[in-house]
Every structure is written in structure tokens, then in C-alpha cells.
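Colleague: Provided below for reference: sequence and predicted model.
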Number of protein chains: 2
Amino acid sequence: MADAKKYVYLFGGGTAEGNAKMKNLLGGKGANLAEMAAIGLPVPPGFTITTEMCTVYYKLNQRYPAELDEQVKTGIAHIEKIMGKQFGSPTNPLLVSVRSGARISMPGMMDTVLNLGLNDTTVKGLIKQSGNERFAWDSYRRFVQMYGDVVLGLKPQSKDEEDPFEVIIKAKKAEKGVKNDTELTTEDLKDLVVKFKAAVKQRKGMDFPEDPKEQLWGAINAVFGSWMGNRAIIYRRINKIPEDWGTAVNVQAMVFGNMGEDSATGVAFTRDPATGEKVFYGEFLINAQGEDVVSGVRTPSPIAELAKTQKAAYEQLEDIRAKLEKHYKDMQDIEFTIERNRLFMLQTRNGKRTAQAAVRIAVDMVKEKLITKEAAVARIDPDQLDQLLHPMFDPAAKKKATVLAKGLNASPGAAVGKVYFNAEDAEAAAGRGEKVILVRLETSPEDIGGMAASQGILTVHGGKTSHAAVVGRGMGKPCVVGCGALSVSYTERRFNVTVGGQTITVKEGDVISIDGSDGSVMLGAVPTKDPEITGDFSMLMKWVDEIRTMGVRTNADTPHDAKVALDFGAEGIGLCRTEHMFFGGDRIDAVREMILADDLAGREKALAKILPMQQEDFVGIFRVMNGLPVTIRTLDPPLHEFLPNTDDQIEELAYKINRNPMRIREKLHQLHELNPMLGHRGCRLGMVYPEITAMQARAIMQAACQVKAEGIDVHPEIMIPLVGTMGEMTNQKDLVVKVAKQVMKETGVTVNYMVGTMIEVPRAAIIADKIAKEAEFFSFGTNDLTQMTCGYSRDDAGKFLPFYIENKVWIDDPFQSLDQEGVGKLVEMGVKLGRKGRKNLKIGICGEHGGDPASVQFCFRVGMNYVSCSPFRVPIARLAAAQAALAAKDASTAGASKSTM
Amino acid sequence: MADAKKYVYLFGGGTAEGNAKMKNLLGGKGANLAEMAAIGLPVPPGFTITTEMCTVYYKLNQRYPAELDEQVKTGIAHIEKIMGKQFGSPTNPLLVSVRSGARISMPGMMDTVLNLGLNDTTVKGLIKQSGNERFAWDSYRRFVQMYGDVVLGLKPQSKDEEDPFEVIIKAKKAEKGVKNDTELTTEDLKDLVVKFKAAVKQRKGMDFPEDPKEQLWGAINAVFGSWMGNRAIIYRRINKIPEDWGTAVNVQAMVFGNMGEDSATGVAFTRDPATGEKVFYGEFLINAQGEDVVSGVRTPSPIAELAKTQKAAYEQLEDIRAKLEKHYKDMQDIEFTIERNRLFMLQTRNGKRTAQAAVRIAVDMVKEKLITKEAAVARIDPDQLDQLLHPMFDPAAKKKATVLAKGLNASPGAAVGKVYFNAEDAEAAAGRGEKVILVRLETSPEDIGGMAASQGILTVHGGKTSHAAVVGRGMGKPCVVGCGALSVSYTERRFNVTVGGQTITVKEGDVISIDGSDGSVMLGAVPTKDPEITGDFSMLMKWVDEIRTMGVRTNADTPHDAKVALDFGAEGIGLCRTEHMFFGGDRIDAVREMILADDLAGREKALAKILPMQQEDFVGIFRVMNGLPVTIRTLDPPLHEFLPNTDDQIEELAYKINRNPMRIREKLHQLHELNPMLGHRGCRLGMVYPEITAMQARAIMQAACQVKAEGIDVHPEIMIPLVGTMGEMTNQKDLVVKVAKQVMKETGVTVNYMVGTMIEVPRAAIIADKIAKEAEFFSFGTNDLTQMTCGYSRDDAGKFLPFYIENKVWIDDPFQSLDQEGVGKLVEMGVKLGRKGRKNLKIGICGEHGGDPASVQFCFRVGMNYVSCSPFRVPIARLAAAQAALAAKDASTAGASKSTM
């Protein structure tokens, strides 16, 4: 046995074999229980079976290695010794809880069994220990119910079926003519135990296990089994948790919050997880078990009220709150139980929080000197920051809105959408492109998919730590809970609410607006306004920029977008698409005239009309950017995108430009392509029609010279799209340079400009060393690069890509997060070869991946100079870039021992 | 001067500074003149200015380095010394020729000046030397005409304008009332010189240079200048000759074939360049200069007749013929001049030949022990072999054809097409997809483009060494020349020919057939038949297979194609496309039923109908291949390709399968894709509809077990198309293996099968190490890989790719010859990573590049096990593979000093 692998770690009694750093092995809960025990907090003793065991368990086809049995026996003996009780003792029985605990919290996803160790004999011992017969039998019936459900699988067989145990309880209550469980007598509870066991026997064909050891192994199996349950798998996919992390199992002495009015149980955060305010934030229930709080069935009391009934325990809890924050240097999410006035800590972990709270807590903790600026920056999830960058309700519009009700503000933000009353319908509607608000009495883990698909979540029951609230905050979804004023009917698919004496009915598909910041529920779509970066957020972003070394630019085609991005901290424009300027007003007519021209002279005549308009566009953008670099891409889309499609449009155009409509149809036919994505577009247009490139180069340079003459600094970077060969790069660059020289000679103004290219065709990445001899900068167009490298048309991938993501062929959508293994290899190759060809080549990215944190960090690692993303994602990219810099610093100081990611 | 770079190499007088191995530096002609001089042949003395000078000349913006002048002076002195004449001497003048000479011959592409050194003074010396006043003045007027044209650029300004010198000659002949140049008197010729010079003065504004040295430099400039002329540029593009090779300039003492009836000039091949027969093959003209023979204006006499008038010279020529072949070990193309019974060799070079001749000469020379088998194999151009693999006229059909006329059989092969009378029209028609026969009085270098675009070439004038004949053979185009029976009118765009007393008119666009093997011209389209490998060709291919190490397979979808390929030496099937089997007969109905099915059950029902038909297809192929490996690709194209398009077809299908036509239209709409190339196709179908892959795997394995039970060995290789991720490879492989195991269990027959994948998505090449963990073989699908790597849709690239090739953005069409610099890098990466993932991974190529010699050699170099190509290209691939093996052997024995290409 001395050589056996250690799968069980003990804790409690003032020491622990593990600590908080062993999260990967012991899971978050186990590691923190060990840590809490080690720092002297009152933790019920117990042991943790490692996450490694979970992996071994599945490798062995759901069996255990021989050595585990002995180690678990040792663990039980450890608990027995500290608690002075014996597992299965008829006189002084030890009861335990069995809980899952993965590396990171997966609230409600995995299974738990409480009060384990009770049977017809030990229940008598519990009566003796507690002196409370009713409590003992209530614990026993709860155990049988929970074990029957979780371990033995006695669950509703369909959506319509009620929980089999609840059916028995209802029948008993009806029989006794009572309304609440608490009104049932000891005898009633005894009878429930008998009836529960009979239901198990009848439905599952097995006797309920009486042997506590058998019970224990059953529960351990169930916890490991729940790791591969459907709910857990979906949760992992949404939260990008690898399957091979596994879960640990924590077996711990039971303590009881339901031993009477001197007992309680609660959950709390050391700071407000919604706002980040430094207040003790939580809820408790007198005479209850922990699950009662989290499930949201009973609405608990705010934590502050605990001081009234349990002053000593409350003060001890306040001390522990301070001690935990000092120890963990982060906001903690704790679970506690008070058993007959004695406080036990059941769990502590870093608390989930809204983006707003995350920012405030991080900034406050720096001010409190608890953490460094770097730590503050490192701990904010860039993806989560998105919450702060989404529109809020316009306060003026909100004042005028019809407020239907106010619930609890569980997760901030503005959400507008059509009401749906179950997760499946919500998901289906979102799949059709609808914006959805999921309205439920309360949510449960089965609703995860529907919650993820919704704009926001609204529940009638539950507190701020209810399932809906916790999951909503985790997903960054606006969430209002405990909105008891709503009267929801699932069957009629509507809710009623009384406003000013009148009953308003909101049916499935009706639009409502919910504000997760103040809990208000409003009728119809309330207008929203753009967010701003102020206060704590502004402070954090200041630190971000102090740490960050990689540039962040924006993709913007208009002065307005450029201004928004500047306000969000953009340091230039990484992609200005000129084709968007080709639409609108008279321009499109001139563009169409150019396309339909029979010869060069005709095209040049039409281009001459477009030139001053394009110039004016660039002047506007250059003025806003005021000296920052502006990368302008020459025409990219195939010409047919500019032509009309319908007969009416064709006739109208024909009339306008005085042409035979037949001729336009002919041209449309001629320009038609089977695969336009791989057709005559990008620089291939500028090659065949150099006059287009020439016009655009002229417009850019004339605009640049004009603003330069106004005294504004200007740095145009002219970008040739879709280059795949040296010939294209050379030809288009020569053309641009020729025009630029002409314009500067004509205007007498000298402008520093560059000519570079998009790297978006795989071949360009492969011959990047050659292309860099001519190109003065590269910008990776990872949208097209992904399309061509993977062979996926974004427009058509809907037929298989969702299926692929569903079936784990892809973990992430490669159009959302850069495919580092495949496309990323070409990007790396392009960067490396590019710098080989031109030592100081300026390199950036302008695909949509430029706003995805994981992709931004990748760009940093491969050595890009900047990323460029949509205006609203600029702060996210800044944060991700700063974190990448911190990770690189960590890696370089820590050597190879720590991953940079 | 001692340190000056050597740009001038002397030859003649029994020695030479250069030799035949210095072709790159001295050009083909210069190197061979040096070689001929060195081995003691009667070569007029001269010197060669190197090709290096050509490159320097363009680098210096068409100027020369200082040292050249002195070296040219030395060269002239060398000639003067040997010839005993002085350049510019009024009494004993030396005349020289100035000719171009690139590394490889570019017939008619580049400029030449003869009789250089003549002026109003030296012409008197020539009279003295030759004792022939008329000859001297004729030489002078020829020089002024040639120099005026080539150096001074006095040419027709448009297509319609006649040559300005010819206009003057015509006027003179009209004035004198004579028909032929030979009837002009000495005085007439003197007058022509005056008038020619006057024309130069008037049209070019300059005096004709009198100073021989000025004349010399003018001619040298013109030769270097012609390297960048339009004709030369087009020729280089067609023949893939790099621009930086440059041309040399050969300055050589003039000898005269036009000094009277005891003088002659001729060209000859040491063997028949059309058939390869070992006969002395050539033509000569009495009293003429060399250009008269090549231009095709006068029809010369066969070489054998020279023995009648110039017995001694002829015998000397026969000796030289043998000496040259023994020395060069290849068939030689020679130019000679007889000046007053004295033979001079002007040039020798490896002779251009038809594929048939190339094969026969190579095989004969092995038999003659002149060369080794390896040398024979190495010298056949695989591209040229294509000529032997194209259909010949069916002898039976040809007997019944209306023969319009017989010309000279200048380049063998059967050509059928519409008649066009000028190069531009021929090119335009070919561009429209027409098959074209170019009919001309005679061709000139301006016609190159039209000749390349034609199926065959027919000329009225000229011999077997005329421009049309030489170029036709070079291009492998069937060519009939000297077909004097045709009366061609360019203006009426027709030719008349009298057959059996009746005049037949063939107009532009009428179809004729020409047989370059026997010179016959036939009316209408004469049917052709498939070629066979017999005789010398068969012998050569036997040697090829002895040398070759890389396998050659074929792409074949039917037993018939498989049989053809087997006869051509295929060693397996590298690509059998199953979708072609989905069309035809009742199958397409079942396929459509499958596509239109509402659910899995419906699809499975339809697939069950297809299964036995697919099985039967595979049985047929397995039987033909009789133990050779057969790679079968599962379904690849998007499903919409199988559905009907027109309303009628839709109604018909709806009736057949008893469905609402609306439903079919809906499905069509649903399946429509914007970029089907990058859409739901390949294994993406098999992923979403695993039942399709399962049916195909079952059909393959059932067929394999069936023929195995018949006693035939069978090696199916099941190939999954369009894999880009590990998930796809694993999923589809697991499915195939599952079905294969089932089928083998059901039938009780065990078959050795493999499961592998196409590498055609760039991402697959990038993660090839991972994919190879599952895939048992790779086959590079370079068609799609090229599309995706370059971002070119083959269907749409017609809008820009021809422009790109025209403008040298691409040297070769990347869909014809593998883009080694771009796509090739991914192929290399895929091979390297693939073998890293699976050491003995079997790797092949099945894109169309598998039949392109340069691509085949590339495949050998990167280490593929086999190439697969269309049946008719199998011998070409075999030869290319053998040559690659020889090149690798050469490289390994020669070390790094020689390129493997």
C-alpha cells in the first residue's frame, strides 16, 4: 500500500493535506476547504477524492483502481475521529455530504447528496444526538428523496411528469389537509420514508440501500457520473471547459442548519457581486439546509438580518469575511451553516460577478492595497467586459416607459426581446434570429441552453443567489429575479401583471424590456444609448494602457465610427473599407455607370464623378483621426455586388443612366460568378481595371494633402486587398506610388504614406517573405483567411458548422475565435516570413478576430504590432493585449514552468 | 585591361576559346560554333559576345561597360587575321554576319544582319575580291535592306502597308518590265542602293551609316534589343524561357552561297525530324543566302540532289554529319554554305523533332550504342509525348474521306477544325472554344499566337524547314506545308482546290482535317482512333519503367477508363469518383429521392436502392484492376448538383417520385449556396448524413468481398474527401471501419482495405501530422488545394487568370502546372508532417497536376509514393517520374553542383 497512488486528501481538525493551489487536483471546492481548514477556519472535517480519479474512473470504464477503497476508509476514519462519531453507528452516527467540485465552479451542473449515512437504524441514533425526532425523520426523508433522485435516478420520465417524490408529498399533504411541508408530523415523515422507498422499489426494481458504505459508494459514483451528464456537457461547451479536467468528490461531515430555530444556513459574497460595492452581501434561511437557499424555492432574508438573531455567529462571519479577502485577495463566494448557534464554513471560492462589479472590485482592491494594478488588470475577463460596452437604456426614454413591475437586480444591463416561457421555445426563436427574453417561475440547470440564447432572463421566484441570478451573471446576461408581481401561466403562455389597478397581459412573442441594473420590467422596446468609459472603468483602462505594449486600432468606415472608437481608446484605423462609401445617394449611380461602361474612357468618366466624393469621405476620417494612422483598403467586393437585382431596380437604373436595360442584364449575367468569394474581387479588380485603384489612390492622397495643408497631421496606409502573388503586389504598389507622387507634385504637399497589403489568401502567407519586399505593412484579414484555409464559405457554413460545433469537431466557431492550430499556423508563418523579407514590417490583424480576447493574445504572441476591431470591442482588445503582456512577463520571469496563457 | 571581365570569346582557325558546354554563356549557336571549330570543322572565324553582356546591357539601361569596345576590336582583328581581309578595307574588305544566339533556339524570333561592312567604298573591294560586280552590288543592296529593316527599323507601319524596300524593288521591276529580282541588272541594283538609302533618310531622318564600325555596333544593339521584342517575349512565354537568360551575339566572317552557280546554301538534319528515320534530311538552294531557305519564299531542293552538282562538298557534308552525331550524341540541325565549291559550316545544334522522331531517334541511338538507355529516357520531353497519345485518324474512315490535296508532312498527327486565314481570327475563334486549323500562304513570327491556338497548321508555300514546319513541330501541332494545290484568298477568306476536275471552295469556318503524318488535307471532320504504345515507343517505356521508382496510377471512374489506363501502364487507380456513378439511368432518381427525403428513414430507403448499383460498379472496376490498388472517394459534390434545374425536369421528377413539385423547388432553394465550392460538400455531407458514407462503404466492401470470393485479389483504399479537421477524419474513418467489419463478418471474406483522406483543404496540410494518426494514406487533391490556397474559383478565374498569365503575374496556369512556390509549400508541409504522424504513410496526388511533367517531378522530389492522372497521360507521368529519378541520381552523384531539375 505504501506505493499506491494518493487519490484521497484529508482536511479538518486544524490541518489539511491539500491547499488552495491544488485546484487542478482537488477541484475548486476541495482545494478551498483544505485551505480554509489550514488557515484555521471552522470547516467540518472531510476528505477529497481527486479529479485525477475522475479521469481514471472513465479510463477504467467506470471502475476504480483497487487502492481507492482503502484510502476512502482512511478518510472516513479521519472524519469519525475528529467528529467523535461513527459512520453507521446506531447510537452516535456520523452523517456526511458528498459533493462534486471541479477546477472551476459549475453551479447546479453536478450532483450532491446530503445526510448520507442515515437508515432505519441510524436515524434512531440521530434522534438521540439531536434530541429532535422530527428533525431526524425530516433529514432521513430528505436523504431518501435526494439519493433516490441523484443516485438511483428516480426522476420524472418526461417534461410533463411531476417529480415522483413530490407527487407522494403532495398526496400526503392533501391527505392531511395541510399546505406546507413544515406542517407534516413526525409520523407523516416516517410514512413518507416508507412510501419513497416503495416508489424506488416499484419504479427501479431495487431496495433502497441501507448500508451506509454502499450509500457512500453510490453517491461517489453519482458525482463522477454527473461529469458526463448532458447538463454538464452543455455547460462545459458554453464555458470552454475541457472534458479531461474531471471533477473531484468531497466527502465531509454533515452539519445541520435545520436543527431548529437556533440553526441556519446561508450563502454570501464578501462584496456585492452585481455592483462590486464593498458590502457583505448574502442571504440566509433559519432552520434550513443549504440547497433551500440556492434553489430559490423559499425567498431568504438578507445577510444583515442575521445579526439580529445570531449576533455572535454573524460577527464571527464578518471576521471570516475580512480574513478570507485578505487571504485570497479576491471577492469570495461562501456557504455557511449555523448548527445550534455554532458556525461552520462549508465553502469559499472566488465569487462570480458582473463586469461592473469585477471592475469596481479590482479597482477598489488596488486602492485598499490588497492587490497590484497588474493583478487588477489580469483578473478582469475581457469577454465579460463586453457587458459594459453594450447599450444601456436611455434614461429619458426609460422615464416614459410603462414599468410593469420591479424585481431584484440580479445581473445588470439592458435587454429587449420577445417573451418566451420555456427554454426550448426561447432557443428555437433565437435560432430564427429573434431577440428573446426568457421568462420563468424559476430556472433550473435544464434551462441553460435557453438562457444562453436569450437577451435577458426574468424569474418570478428566487433571490440574488438563485440559479437564474448566478448563471445570468456568469453569462453576462441582464437578469431580473424574484419578480413576484408577475402571474405566469406556462400553459396559456402569458403573464398577467396589475399596473395602476389595470391588468396587463403579456403573451408569448410580446416585446418587453428588462433592466438588470435596477430590476425594472418594462412593456415594449425601450430605446438604449451607447455606453461610456468613466469612473472605475476609466481608471482600470488607464492601468491597462500602462501595461499594454501592442497597439489597438479600430475598423471604421465613417467619421462617426472613428469618433466612437477614438473615445474607446483606438490608436488608429486598421481597416477602412472603401466599398461602403460606394453606396448611398448619387454615388451608387456613378459606380454602376463605371461598371456598365464599355471601355476605359467610359469607366474613367464615371470614376471622375466618384473621385471628389471619395476624397471628401477620407477628409472627414483624417480630420477625426487627427494624426493617427489610417489604413484604407482599396476596392474589395466583386463588381456585381454594386448592380441592382430586381427588374424594377434595373429599369430604374437604365432610365437614370440612359441605357438599354437589356445591356444591364447582359452585364449582370457576364459578372455572375459561381463562387464569388473566390472570384474577380480584391486586387484582381485593380489589376484588370487599374483606373479604379488609380482613382482611389488619388482620392486618398488628395484628401491627405488637403488636411495636411489645413495643419492636421495625416498618415494614410493604403492597403491592397487579396494579394496572392508578387505580381499583384508590385503592380498595384507601383500604380499607387505613381499616383501619390503625381498628387504630391500637383498639390505641393508632402504626406508620409505607406503601401501595404492584406494577408488573407493562404498563398500570401506562404510567400510572405517575397511580398514583404514590396509591402510596407501587412494586415491579416483573418475572416477570408479562415474561409480559404478551412474551405468554409461563411455564407454557407450554416449548413454544417453548427452541427460541427454541436458535435465537438470544432470547440469554438473559427469565425469567432481564431483557429490557432490551423489558420494560426499560416498567420505565424506570414509574420515570420514577412519580417524575414522586411525587418521592421508593421503587422496587424483586421479580421473580426481582432476583437476576440483569445485571438488578441495569440496576435501578441506571434509578434503583431497591433490588432484592429470594431469600435465597441476596442476596450476588450486593449485589456486582452495588456493581459497578454502580463502573461509574457510572467512567463519570462517564471521561466518555462508556467504557460503564457 | 588585364582585370576586365571577359565578354568576348573567339573561335576559328582550328581553335576556340569556348566549347559546347558553355551554352549558358555563349548561347546555343556560339557554343556550337566554338565546339565545331575546336573539333576541326570548317567554320568561318568569328567571336561571340556573351549572354551575360545582354543582362548587363539591360541593367545599364541599354549601354555597355567600357571594356567591351576593346574586346570587340580584338575579335575583329582575330577574324581579319584568319581571313586575311580588313574590316572596312577599300581593296580587300572583310564582311561579317551578326546573329543572335540564346541558350536554346528561338527560330525566327530574333534579329540577324548579313554582309555587314559594305559601303560605297568597300563594295568596290568586294567586286575586286569576287570578280563579280553584280554579286557585289546585290550583296550591298541586300545588306542595306536588311540593316535598314532590322537595325534602323524601317518597317511597314501597319498590317496593310507593304515592306518599304519591297515597294522600291517592285517599282524598279515594273520600271524595267521584269518579273524576278534576278533579272535586275547591276545598274538597277546600284540604283536600288541609292533609293534604299534615300528611303531611310526620308523615313527615319538619318543617313545610312557608312562606317563599318558604326554598322557593327548598330547590329549588336539590334540583336540585344530584339531579346525584349514582342515576338521574343511571346515565344519565351509559350516556351517557358526565363527573361534573364539573355541572348549572345555572334559576329562571324561572311561566306557566300550566292557567289554564283558554284555556290549554294542549305539547312539539314542529321536524321528525319518528322519520323526519326536515319536519313540525311534537308534542303538547299543554289546561289542563295541562308535566309532564302528558311523563309520559305523559294522552294528548295532535297539535300540528296546536292550530290549531283556538288559531289565533293556533299561527301564532306555526309562525313561531317556522322562526325557531328558521334560528337554530340544527338540528332543535329545544321546550316551550311558552299562558296565556290568550298563548304563552310555555319551552325549546328540539337534538332527539333516530333515526338515520334524523338522516340525513334532515342531508341535507334541506343541500338547504335551511341547513348545509354538512361540518356534516351532523359532526353524525351514528356510534354511532347502527348503528341503520341492523341488520337490518330481512323485508317478506315480516312480511306473514305474526300482528300482535297497533299502537301509536305511537316509535323505528324491528326487535326480537325474550322478553317481560319489569319492568326488573330484563329486565336479569337479558339478563345470562343472552337477547334481551329490555321491556313496561310506561309507563316511568320507574327503568327505565333494563332499557331499556338490552332489544332493544326496548313501552308501553301515553304518546305519542311520553313517557319511553319519548325514552329509546328516545336509546338507538337500537326502541320502540312507546301500545299501548292490550294488557291488561297485572304480577302475572300476562302481557298479553292480542284479535285477530280471540280473546284471545291472551303470558306472560313468550314471544317477540314489535316494529317501531318502523310501531308493529306481532307474535307470535313475525319474520325480519329485511340493511340497505342507499340514498337520504339513500347521499348522506350520499358526502359522508363526500369528507371522509374515512383508509382503511376490513374484517375478512372469506369471499367473502360481503367482498362485504357492499364494498357498505358497504370499501376492502380488513384482516384475513382463515386459521384459520376450517381448519374445515369434509374440511379439519379434514387439519388434525388434520397436528397428529397424528409428524414433518415426516407434517406435510408433511397440509399438501399443505390447500394446494389454502386456495388456492381465497384465489382466491375475491381475485376479490371485485378489485384492493383483502387482508391475510391466517397461522395464529394454538393447535393444540389444532383437535382434538376429546369421546370420541366422538376415536374418530371415530381411525377416519377410522386412528390409535390413545390417541395422540390423548396429543397432546391434550401440547398442553394453562394459559394458551393466552399460549402456543404465532401466529408461535410458524410458528417451530417452518415448514412451516405455508410452506404458507400458497404457498396465498396461488398464488392470487394464478392470479387475476392471469385478468387480475384482486391485492395480497396477508401478515401474521405475534403477533410480539414481531426473530428471529420476520426468520425468518417470509424464509420467506414464499422461498416467494413460488419460486411466482412456477414460475407465471411476478409479483405485488406485502407481508409485515408484527400489533402485538399489548406488546413488539412497544416495539421497533417494529426490527421495521419488516423488516415492510412494521403492523396493530394491539388485542384481544390490550388483553388483554396490561391483563392481562385476555377469556374470564375476566367475573368482574371488569362489576364494574369498574359501579364506574367503567373508564368504557368496554376491549375495546369503545380504552383510549387505557393501550393507546393503546403504539399511539402503535408508530406513532411504526414510522415511525422505516420512513418510509412502512403502518399499520392490525384489532382490534374498528376499528369503534368514538372508537377510529377515535384511530387517525386517531395517524396510521394505515386502520382495519379488521366488515362491518356499515364505514359507522360511514367516518363516524367523516370526522369525525376535520373535527375536525383545525377544530383546525388554530382553533389550539390547540379540542380535536380
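Modeller: All right, it came through fine. Quantities reported herein were computed from a predicted structural model and do not represent experimental measurements. Residues are numbered from 1 along each chain as shown, chains lettered A, B, ... in the order given.
Colleague: wait, a strand at residue A:778?
Modeller: Yes: the assignment for residue A:778 by DSSP: H, G, I helix; E, B strand; the rest coil puts it in a strand.
Colleague: quick one: contacts for it?
Modeller: Residues counted as contacts of residue A:778 (Cβ atoms under 8 Å, 6 or more residues apart in numbering or on different chains) are A:756-759, A:768, A:771-772, A:830-831, A:834, A:841-844. All C-beta spots, glycine's among them, are computed from the backbone N, C-alpha and C.
Colleague: change it to 10 Å
Modeller: Contacts for residue A:778 (Cβ atoms under 10 Å, 6 or more residues apart in numbering or on different chains) come out as A:719, A:723, A:756-759, A:764-765, A:768, A:771-772, A:827, A:830-831, A:833-835, A:837-838, A:841-845, A:864-865.
Colleague: do residue A:867 as well
Modeller: A:550-554, A:574, A:779-780, A:844-847, A:849-852, A:855-860, A:873-874, A:877-878, A:880-881.
Colleague: what comes up buried for stretch A:185-201?
Modeller: A:188, A:189, A:190, A:191, A:192, A:193, A:195, A:196, A:197, A:199, A:200 (16 or more other Cβ atoms under 10 Å in any protein chain shown).
Colleague: and those residues, which two are furthest apart?
Modeller: By the measure Cβ to Cβ, A:188 and A:200 form the most distant pair in the buried residues of stretch A:185-201, at 18.8 Å.
Colleague: check the stretch 501-650 of chain A for the residue nearest chain B and tell me.
Modeller: residue A:638 (8.9 Å; Cβ to the nearest Cβ).
Colleague: how about low-confidence regions in the stretch 101-250 of chain A?
Modeller: Counting by pLDDT under 70, the stretch 101-250 of chain A contains low-confidence ranges at A:109, A:238.
Colleague: same check on the stretch 501-650 of chain A?
Modeller: By pLDDT under 70, the low-scoring segments of the stretch 501-650 of chain A are A:584-585.
Colleague: what residues does it have near chain B?
Modeller: Selection of the stretch 501-650 of chain A residues close to chain B by Cβ under 10 Å from any Cβ of the partner chain yields A:638, A:639.
Colleague: just to revisit the earlier point, just the ones of the contacts of residue A:778 in strands?
Modeller: A:719, A:756, A:757, A:758, A:759, A:842, A:843, A:844, A:845 (DSSP state E).
Colleague: quick check: ChimeraX command selecting the buried ones in those.
Modeller: Only the buried members of the ones in strands among the contacts of residue A:778 end up in this ChimeraX selection, burial being decided by 16+ other Cβ under 10 Å:
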select /A:719,756,757,758,759,842,843,844,845
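Colleague: can you redo the buried residues of stretch A:185-201 as a markdown table with distance to residue B:205 and secondary structure?
Modeller: A markdown table is the format used below for those (distance: Cβ to Cβ, whole Å; DSSP: H, G, I helix; E, B strand; the rest coil):
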| residue | distance to residue B:205 | secondary structure |
| --- | --- | --- |
| A:188 | 125 | helix |
| A:189 | 123 | helix |
| A:190 | 127 | helix |
| A:191 | 126 | helix |
| A:192 | 121 | helix |
| A:193 | 122 | helix |
| A:195 | 121 | helix |
| A:196 | 118 | helix |
| A:197 | 120 | helix |
| A:199 | 116 | helix |
| A:200 | 115 | helix |
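Colleague: ok, residue A:134 - contacts?
Modeller: Counting by Cβ under 10 Å, 6+ apart, the residues that residue A:134 touches are A:127, A:182, A:184, A:185, A:186, A:187, A:188, A:189, A:190, A:260.
Colleague: 6 Å - rerun?
Modeller: residue A:186 (Cβ atoms under 6 Å, 6 or more residues apart in numbering or on different chains).
Colleague: gap between it and chain B?
Modeller: 56 Å (Cβ to the nearest Cβ, to the nearest Å).
Colleague: checking that residue next. Helix, strand or coil?
Modeller: On the three-state scheme (three-state DSSP), residue A:134 is labelled helix.
Colleague: same question for the one 5 residues further on.
Modeller: Residue A:139 carries the three-state label helix when classified by three-state DSSP.
Colleague: quick one, helices of the stretch 1-150 of chain A?
Modeller: Here the stretch 1-150 of chain A has its helices, by DSSP state H, counting those that start in this stretch, at A:23-38, A:51-59, A:67-83, A:122-130, A:133-150.
Colleague: give the next helix or strand downstream of the longest one.
Modeller: In the C-terminal direction, the helix or strand that comes right after helix A:133-150 (DSSP states H and E) is helix A:164-176.
Colleague: can you list the residues of the stretch 801-901 of chain A near chain B?
Modeller: A:803, A:809, A:822, A:825 (Cβ under 6 Å from any Cβ of the partner chain).
Colleague: just the buried ones from these, in PyMOL syntax?
Modeller: Filtering these down to the buried ones (16+ other Cβ under 10 Å) takes a single PyMOL command:
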select buried, chain A and resi 809+822+825
